[in-house]
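**Q** Sequence plus the predicted model coming up.
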Amino acid sequence: ELAAPVSMGVVCCRFIGTDENKIDAMNSEMVERINASGRAYLTQTKLNGRTVMRIGLGNILTTEQHLRNAWELIRATAGES
């Protein structure tokens, strides 16, 4: 789910397809696994007490395909959890 309005090239989202008590831990674990893969780099933060993933799109060389690739990586990582 989109966790906040997109602002200045930062997208905040979180995976919600799991037990409500495990959502924060799962989102944190997903960030760690994606970063460890070396295929993308995400950060995480707390918004309204919930852990969310952050994708920063500040590099002028970032293309729509980069974002699509990151989205597919997030979806694949969620499917493995």
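**A** That came through fine. Bear in mind the structure is a predicted one, so any value in this text is a computation, not a measurement. Numbers count the residues shown, from 1 in each chain.

**Q** Can you list the buried residues in the longest helix along the chain?
**A** The single longest helix within the chain, with elements called by DSSP state H, is helix 64-80. Buried residues in helix 64-80, counted by 16 or more other CB atoms under 10 Å: A70, L73, I74, T77. For the C-beta atoms, the positions are set from N, CA and C on the backbone; glycine is no exception.

**Q** Ok, stretch 6-16 next?
**A** The neighbour-count check on stretch 6-16 (16+ other CB under 10 Å) flags V11, C12, C13, R14, F15 as buried.

**Q** who does the longest strand seen in the chain pair up with?
**A** Ranked by number of residues, the top strand in the chain under DSSP state E is strand 50-56. Strand 50-56 sits in its sheet next to strand 10-13 (antiparallel), strand 43-47 (antiparallel), going by DSSP bridges.

**Q** Restrict the first one to CA atoms and write it as CSV.
**A** This means strand 10-13. Included here for strand 10-13 are C-alpha records, laid out as CSV according to Å, rounded to 0.1, in the frame of the first residue of the first chain:
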residue,chain,number,x,y,z
VAL,A,10,10.3,9.7,-2.2
VAL,A,11,7.8,6.9,-2.4
CYS,A,12,6.7,5.4,1.0
CYS,A,13,5.0,2.1,0.8
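
**Q** what's the next secondary structure element after it?
**A** Note on strand 10-13: by DSSP states H and E, the next helix or strand toward the C-terminus is helix 23-37.

**Q** Could you list the residues in contact with that next one?
**A** Outside helix 23-37, the residues that touch it by CB atoms under 8 Å, 6 or more residues apart in numbering are 14-16, 18, 40-44, 50-53, 73-74, 77-78, 80-81.

**Q** Likewise for stretch 49-60?
**A** Under CB under 8 Å, 6+ apart, the answer for stretch 49-60 is 3-4, 9-15, 23-25, 27-28, 30-31, 40, 42-46, 67, 70, 74.
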